[in-house]
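> Provide a 3D model corresponding to the input given below.
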Amino acid sequence: MSTGDPFDVFARLGATSPLAPGQNVEAGRAAFRKITKMVEEPAPPIAETRDIEVPGGDGPRPARLYIPNDAPETGPLILFLHGGGYAFCDLDTHDSVCRRIAALAQVRVVSLDYRLAPEHLFPAAYEDSEAAFDWIAGEGARELGADTARLGVAGDSAGGGLAAALAQTRRDRIKVQYLIYPLLQVSETRKVKPRLLEGHMLSQHALDWIRDTYVSTPEERADPRVSPLLTNNLTGCPRAFITSAELDPLTEEGRVYADKLAASGVKVDTDFAKGLPHGFYNATRALPGAAKAFDRVAVAVGEALRA
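Below you'll find the predicted structure:
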């Protein structure tokens, strides 16, 4: 994969984008699995990965535990929720991302395979995330080696929205929220977009499709479990690390959410990835500067969790 202009890289990927017009769901899921293998560099080594099962909102769900090198018997743990517009991606598409977070942050990571739309509509993804977190913070802590005083939630894109929602509803049990170019509301999809963005990984068509596929009514679209940006009561939420990308239609809502958290007395660390598009955590091989931008935040998140 060329390491030229990010627009050039994503323009060529755009023809097979899982969220491009005309893709069906199964083709999109296959495309995500193919694309991530093409554009990710190998993650740093870690001590162990283990496929496990955790409670979900409607029965057990697959998950994957990542343990970093030299991990103590009990230590900080992050629940990771993958992106993909609530309809795409899985444990394998974000395997390298989770390995990289575990290695750089030096904390355990549990990646959750939550139920996907359109087979499972709102609030299925949130309910799976909530049930998994409650188990991690409770009876599952010993099995996972989790220090329940140092738990984090993280996610990219739609997963970032799920993580933000959990950080609101479980604010007294979470120490850090790590939001990676998060999708924080689905009520309004018409956004100011950088030049040439339309047709890339997160087009206007994609945002409309995500909204219409996952939620059905205006009331659901405004529910804080899918649109955490619309919540006004943020006092006491955990420290936030918010990564945004310059070439991303979601950048502005990430900035607004950071401002709302800060106004409520929450400590917020923001990182602006200049010259990079939405999805760059999954494109560390293809996009110059992507790995560096990823790593600097992962290291800071780990330091905050271990403190």
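> hmm, Leu229 and Val256 touching each other?
Yes. Between Val256 and Leu229 there is a contact under C-beta atoms under 8 Å: 6.6 Å. The way it works is simple: take the backbone N, C-alpha and C, and place the C-beta from them, glycine included.
> higher neighbour count, the two?
Using other C-beta atoms under 10 Å, the more surrounded residue of Val256 and Leu229 is Leu229, with 19 against 13.
> before we move on, what SS does the residue nearest to that one when sequence neighbours are not counted have?
Once flanking residues are discounted, Leu229 sits nearest to Leu184: 3.8 Å by C-beta to C-beta, 6 or more residues apart in numbering. Judged by DSSP: H, G, I helix; E, B strand; the rest coil, the three-state class of Leu184 is coil.
> okay, Leu184: pLDDT?
Among the per-residue scores, Leu184 shows a pLDDT of 97.
> so it makes contact with Gly254?
Yes. Counting by C-beta under 8 Å, Gly254 is a contact partner of Leu184 at 6.9 Å.
> which SSE is Glu130 in?
Using DSSP states H and E, the element containing Glu130 is helix 124-136.
> distance from the chain centre to that helix, please.
Distance of helix 124-136 from the chain centroid (C-alpha atoms, centre = their mean, to the nearest Å) equals 15 Å.
> who's in contact with that helix?
Outside helix 124-136, the residues within contact range by C-beta atoms under 8 Å, 6 or more residues apart in numbering are 54-58, 61, 63, 77, 79, 81, 86, 110, 112, 114-117, 144, 146, 151, 153, 158, 162-163, 165-166, 169-170, 173, 214, 225-226.
> what does stretch 207-214 give?
For stretch 207-214, using C-beta under 8 Å, 6+ apart, the contacting residues are 19, 85-87, 117-118, 121-122, 125, 158, 183, 186, 189, 191, 221, 226, 249.
> could you do stretch 167-178 as well?
So stretch 167-178 is in contact with 76, 78, 130, 133-134, 137, 148-155, 163-164, 166, 224-225, 228, 231, 233-234, 236-241, 297, 301, 304-305, going by C-beta under 8 Å, 6+ apart.
> helix or strand right after the lowest-mean-pLDDT helix or strand in the chain?
Ranked by mean pLDDT, DSSP states H and E, the weakest helix or strand in the chain is helix 6-14, scoring a mean of 43. Using DSSP H and E, the helix or strand that directly follows helix 6-14 along the chain is helix 25-39.
> which elements pack onto that next one?
helix 6-14 (3 or more C-beta pairs under 8 Å, 6 or more residues apart in numbering; DSSP states H and E).
> could you redo the last one with a cut-off of 7 Å?
The contact analysis (3 or more C-beta pairs under 7 Å, 6 or more residues apart in numbering; DSSP states H and E) places helix 25-39 against no helix or strand.
> break down the stretch 151-300 of the chain into its strands, ranges please.
176-180, 239-247, 268-277 (DSSP state E, counting those that start in this stretch).
> ranking those strands by burial, who's on top?
strand 176-180 (a mean of 30; mean count of other C-beta atoms under 10 Å).
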